[in-house]
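*Asks:* for reference, the sequence and a predicted model appear below.
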Amino acid sequence: AQSVAQPEDQVNVAEGNPLTVKCTYSVSGNPYLFWYVQYPNRGLQFLLKYITGDNLVKGSYGFEAEFNKSQTSFHLKKPSALVSDSALYFCAVSPTTDSWGKLQFGAGTQVVVTP
Amino acid sequence: KAGVTQTPRYLIKTRGQQVTLSCSPISGHRSVSWYQQTPGQGLQFLFEYFSETQRNKGNFPGRFSGRQFSNSRSEMNVSTLELGDSALYLCASSSVGQKIYEQYFGPGTRLTVT
């Protein structure tokens, strides 16, 4: 069975400091991993994905994520957080290669960036 | 390009009623997926349609159904509503080719069952 875990319910960071949101996964075969962000009363916005290739993936709004196969992790990072980054972040996995429309999401991590 | 649109945005229904939600994908996108988001269960996959065919289905009762039309627009239907069906229902579309796996979400339909 495939699963995604986000061990932190909330991450607090001061503006300008580095931001890391953790995600670990468990899948059979090669994982397809994603990060999405949700602002209040909005749908989810795609940030970045890892399908294959370079372990460091760059995405939207200055975010990046590092795929680590040995640690089965896909942590989201941003070098310098902004107050506007405060939102709910979801890690997701696509279970199989022919299920691109079926995402399994983690529970989400609330990011709070303080001025 | 216009984004994914969902109608209605808000809906209040009574237990036992049925409801139909609509989703218009981004132009050119042929895959449409539906998710239910609740505070307790988080985001859960309902079903996915591609070229009018249901390709995947989540673990929801048969009261939840959907369909996709030839123009890729999709509807989902929930019959015999229960209080626990109160949720934000999100629709997402994706294309094929290089952008495959990138799902673009609509703003959702907030369903309240009383």
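*Replies:* The structure has been received and is ready for your questions. Residues are numbered from 1 along each chain as shown, chains lettered A, B, ... in the order given.
*Asks:* against residue B:86, how distant is the nearest residue to residue B:81 once chain neighbours are set aside?
*Replies:* Ranked by C-beta to C-beta, 6 or more residues apart in numbering or on different chains and with sequence neighbours excluded, the top spatial neighbour of residue B:81 is residue B:113, at 4.8 Å. From N, CA and C alone the C-beta is placed, and that goes for glycine too. From residue B:113 across to residue B:86, the span is 5 Å (C-beta to C-beta, to the nearest Å).
*Asks:* so the residue nearest to residue B:81 bridges to which residues?
*Replies:* The partner list for residue B:113 in beta bridges (DSSP bridges) reads residue B:13.
*Asks:* contacting residues for residue 33?
*Replies:* Answering for chain A, as no chain was given. A:23, A:25, A:49-50, A:65, A:67, A:74, A:91-94 (C-beta atoms under 8 Å, 6 or more residues apart in numbering or on different chains).
*Asks:* was after chain B, sorry
*Replies:* Counting by C-beta under 8 Å, 6+ apart, residue B:33 touches A:101-103, B:45-49, B:91-94, B:103.
*Asks:* can you check residue B:89 too?
*Replies:* Residues near residue B:89 by C-beta under 8 Å, 6+ apart: B:6, B:21, B:34-37, B:46, B:76, B:108-111.
*Asks:* what about the residue nearest to the spatial centre of chain A, which helix or strand?
*Replies:* With distances taken as C-alpha atoms, centre = their mean, the residue of chain A nearest its centroid is residue A:35 (3.4 Å). Assigned by DSSP states H and E, residue A:35 belongs to strand A:32-38.
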